[in-house]
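S.K.: Please find the sequence and the predicted model below.
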Amino acid sequence: MTLEWIRSKGDISDLERYRHEKTFVEETNLYRGKPENNISLVNGDPGMGKSELLKNVKNNCGVDFWCVFLQSMDITLLCTRLEQTQLDLREQELVKFIIDIIYDGYPEFDKHVIKLLIEKYQVAYFWDALDEITTKNVEFVTDLIQELSQKSCFQWITSRCHLKKQLEKKFNVLSRSVSQFSEAEQTLYIHKRLKDLLSDEDIDKVIEKIRSTVTLVKHNDVLGTPLQVFMLTELFRQDHAMYDDLLDKLFSLTDLYQHIIDEKFNRYYQLKADVRAPNDILKQVLIDHKRLMLEKYEKAGLKALIKKEVFRHLNIECDDFLNEIQNRADSIGLITEVTDSFPQFLHNSYAEFFVAKYFTEHYKEIEDFEKIIFDSRYVNVRFFFDLLTAKDSSAHIAVLYKNIDLLKQHKDDLMGCEDTGGRNVLQLACSWGQRCPTLEMERQEEIYIVDNESDDLSNAETSEYTEMLQYLLDNCDASDSDDIFNGTSLAYAQKADCLLAKLKLLLKHSSSKLKSNSENISILYYSAKFGYEDVIDLFEELPFVKTKKDGFSLFHLAVNYGHEKYLMKLLSVDNYKKLVDDRDKNGETPLYEACQNGYYNLAVLLVDHGANINVGTNEGSTPLHTACLHLHTSIVKFLLQSGGNVNITKKYGITPLHVACWSGHHDVVSLLLQNDANINLPTDDGCTPLYIASRNRHDKVASLLLKYGADINFAQEDGATPLFIACQEGHIKNVEVLLKAKADFNLATKSGESPLYIACQNGHIDVVRMLINSGADVNAVAANGFMAIHIACQQGYVVIVQLLIGAGAKVDICGDGMTPLKIALIHGHDNIVALLQN
């Protein structure tokens with residue numbers, strides 16, 4: 001069973017530690033009933049089927065509300081209109097836009113009905129591909145979405161992964177991520193696509209051949225991405241013999257796009273233009289036509305992707321081409337729509353491919369090309385660009401796909417191996433590590449505050465990339481410069497914000513120490529997070545760092561992510577030892593974090609270096625409290641041996657023993673009792689450890705407490721005993737343990753309610769039977785004048801009434817002026833009325 005987070009009253013940042021990235025929810029589960037949130041987010045990489053998912057959700061929404069689907073081009077046009085509209089009139093303009101543009105061509109009556117539904121907020125909005133609009137428009141439309149959500153409009157939003165954190169923070173909603181095809185799903189899909197062309201056996205051979213050819217695509221998995229599987233199978237459907245031969249050669253993602261585009265032109269020439277057997281002159285005409293068209297698509301791609309101000313500086317003209325498509329449609333089929341001279345490609349990745357093609361041919365002419373290509377918004381363009389410049393260089397393609405095995409096959413060629421831009425494989429590798437951007441920083445006296453609010457990185461580099469980078473550092477010259485940017489490997493790492501590459505190059509080739517500026521403080525922050533302890537040696541004097549988000553020090557970061565070697569090195573720095581008990585915004589020390597997360601070795605290391613075992617958080621919770629709560633038995637034992645205060649209290653008078661009893665940790669409770677934990681010490685509201693264990697169904701813990709002499713009849717201020725609370729909750733095993741230990745089964749609360757009374761009130765038949773068999777007084781009267789039989793009649797529990805009558809309960813006694821029979825009559829329990837009358 002998969003549990004999915006739905007909504008929270010508080011800030012979602014507190015839920016981050018509980019996010020499971022490898023837990024899946026079937027798409028069909030999204031169709032069932034109304035969404036729990038007014039806003040639902042979906043993110044995924046290019047080609048993962050986000051738009052198709054959104055369409056499926058829309059088409060399965062039922063009839064409770066009208067659904068409005070807006071593509072990125074629609075959203076861009078909407079933002080242009082709303083930008084010129086007064087704030088208080090924007091909602092009216094939205095309705096007008098939807099009716100005039102989205103539903104243009106609908107009958108007037110239909111438009112009138114749709115308009116009424118929208119104005120009454122009986123509408124769901126589906127905002128597709130926010131990643132394909134400008135940053136300014138993202139801010140604009142998210143404000144609009146937020147405003148609509150307050151009017152109880154259901155809204156679904158899709159984007160690529162780079163907007164995930166921004167949207168989650170904006171709407172206080174956790175996002176769903178679209179997962180790649182599993183191998184079984186790939187096989188099933190390819191079989192469905194090719195079953196009318198090939199036998200199952202031949203399809204399996206094709207799949208095996210595709211997989212063996214594209215195994216180098218480890219981190220941009222061709223077969224894991226639905227769009228790319230569709231494109232591959234589409235090629236086979238058109239000419240499976242030709243493309244079966246193609247797979248015998250070196251194959252990359254750009255080859256896939258190029259062949260799809262070639263096939264679209266071929267189909268146009270053969271089917272639409274009826275050119276089937278061209279002579280040499282006609283062939284040349286077709287070649288020239290295709291070249292000119294591709295140039296136009298490249299320019300259209302630039303207009304679709306590149307920021308307006310950058311596009312203007314390129315001095316590119318493509319409006320005539322786009323106007324032609326707007327009037328007559330795209331004959332090749334690569335651009336699906338043009339609105340206000342803005343093109344919508346068949347998929348955004350086609351635009352990215354065309355832009356990369358343009359860059360490979362014109363990068364020398366483009367001012368600030370370096371700034372454009374390393375902009376994180378164009379990371380897919382850069383990937384295409386690097387694949388295109390790699391051409392047939394297996395070593396470069398191996399680097400791009402992070403395939404160390406393929407790379408090692410070309411060891412002898414690495415020193416002189418360059419792509420068409422004069423870049424060696426190390427330079428390329430240094431630009432494709434995990435991006436760790438420089439974070440904002442401010443200084444408060446001696447402490448540098450790092451603004452990590454936007455940092456959503458959770459994992460260090462993959463082992464494949466780390467191994468590949470070290471291999472290249474050992475076999476390439478890091479001082480070489482390329483022809484495109486005249487940059488070294490270190491320059492590439494800095495341009496692309498690739499942390500590990502920067503660190504390894506600095507450690508190997510830098511003779512000077514790092515200064516405390518924003519870039520280097522960011523490096524230090526990431527190093528603690530990912531466990532790169534050698535970074536500490538790069539600083540002449542290690543600066544004190546704290547995070548803005550949580551108030552974490554480097555100690556907290558190292559401990560929180562479990563980096564023992566980093567912590568050891570940090571503790572060896574003299575001026576850092578004094579921060580061993582530093583507290584974050586919640587008052588948690590590094591030792592507290594270690595005990596909470598179960599890092600035994602880190603806890604020992606910190607205590608050995610003077611960490612205070614009994615320092616509490618803002619709510620007084622100590623390392624021992626949190627270790628007990630999270631069942632870290634070995635840490636509990638260590639803390640007790642090291643002088644941890646076993647009876648120290650946190651907020652509400654809660655001791656470690658209370659915490660352990662609440663969680664039902666038998667071994668932890670045993671350890672605490674062996675170390676003289678006060679077994680009868682109540683919390684501020686009178687709960688003893690035995691009371692807590694009895695309330696929470698922990699019968700083994702209750703037995704252990706009784707063995708150590710817990711007061712079995714110790715009552716809260718309202719008179720509730722452990723037996724009373726166990727009966728109230730219906731925990732039959734706890735009741736049995738307490739009765740065997742001679743708990744007073746007639747001891748009532750201050751309101752006169754006995755354990756039997758409360759069990760009858762809550763309908764716990766087995767508990768009632770056990771209490772009666774133990775001799776409980778069935779005719780005890782509560783302060784309200786009711787006996788057990790009165791409350792059972794009121795609640796309608798016929799079996800319990802039978803048990804009480806069988807045990808001698810009086811049926812003619814008035815409770816609050818009414819007999820059991822009258823109570824049953826008033827509440828309409830006819831079966832009990834019949835029982836009492838008989």
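M.R.: It's in.
S.K.: Could you verify my assumption that Cys153 touches Asn38?
M.R.: Yes. Counting by CB atoms under 8 Å, Asn38 is a contact partner of Cys153 at 6.7 Å. Using the backbone N, CA and C atoms, a C-beta is placed for each residue, glycine as well.
S.K.: Contacts for the lowest-mean-pLDDT helix or strand in the chain, please.
M.R.: Least confident helix or strand of the chain, by mean pLDDT, DSSP states H and E, is helix 226-246 with a mean of 72. With CB atoms under 8 Å, 6 or more residues apart in numbering as the test, helix 226-246 has contacts from 46-49, 52, 181, 186, 189-190, 193-194, 197-198, 206, 209-210, 222-223, 253, 255-257, 259-260, 263, 267, 347, 349.
S.K.: Only alpha carbons, please: show it as CSV.
M.R.: Taking Å, rounded to 0.1, in the frame of the first residue of the first chain, the C-alpha atoms of helix 226-246 are listed here in CSV:
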residue,chain,number,x,y,z
PRO,A,226,7.9,8.1,-22.9
LEU,A,227,8.4,10.7,-25.7
GLN,A,228,11.7,9.2,-26.7
VAL,A,229,10.4,5.6,-26.7
PHE,A,230,7.5,6.9,-28.9
MET,A,231,10.0,8.6,-31.3
LEU,A,232,12.2,5.4,-31.5
THR,A,233,9.2,3.2,-32.3
GLU,A,234,7.9,5.7,-34.8
LEU,A,235,11.1,5.4,-36.7
PHE,A,236,10.7,1.6,-36.8
ARG,A,237,7.2,1.9,-37.9
GLN,A,238,8.3,4.0,-40.9
ASP,A,239,11.2,1.9,-42.0
HIS,A,240,12.2,-0.8,-39.5
ALA,A,241,14.9,-2.4,-41.8
MET,A,242,16.7,1.0,-42.2
TYR,A,243,16.6,1.9,-38.5
ASP,A,244,17.5,-1.7,-37.4
ASP,A,245,20.8,-1.0,-39.3
LEU,A,246,21.1,2.4,-37.7
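S.K.: and the helix or strand that it is followed by with helix 226-246, angle?
M.R.: Note on helix 226-246: by DSSP states H and E, the next helix or strand toward the C-terminus is helix 253-267. Inter-element angle recorded for helix 253-267 and helix 226-246: 80 degrees (by axes from the mean of the first three to the mean of the last three CA atoms, to 10 degrees).
S.K.: Helix 253-267 packs against which elements?
M.R.: helix 226-246, helix 280-305, helix 348-362, helix 379-390 (3 or more CB pairs under 8 Å, 6 or more residues apart in numbering; DSSP states H and E).
S.K.: Repeat the analysis, applying 7 Å as the threshold.
M.R.: Other helices and strands packing on helix 253-267, by 3 or more CB pairs under 7 Å, 6 or more residues apart in numbering; DSSP states H and E, are helix 226-246, helix 379-390.
S.K.: in that helix, what's buried?
M.R.: 253-254, 256-257, 259-261, 263-265 (16 or more other CB atoms under 10 Å).
S.K.: mind checking the SS state of Ile449?
M.R.: Under the three-state scheme (DSSP: H, G, I helix; E, B strand; the rest coil), Ile449 adopts strand.
S.K.: got the contact list for it?
M.R.: 441-442, 546, 548 (CB atoms under 7 Å, 6 or more residues apart in numbering).
S.K.: Show me how to select, in PyMOL, the buried members of these.
M.R.: Buried subset of the contacts of Ile449, written as a PyMOL selection, criterion 16+ other CB under 10 Å:
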select buried, resi 441+546+548
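S.K.: just the contacts of Ile449 now: which is nearest Pro623?
M.R.: Lys546 (20.8 Å; CB to CB).
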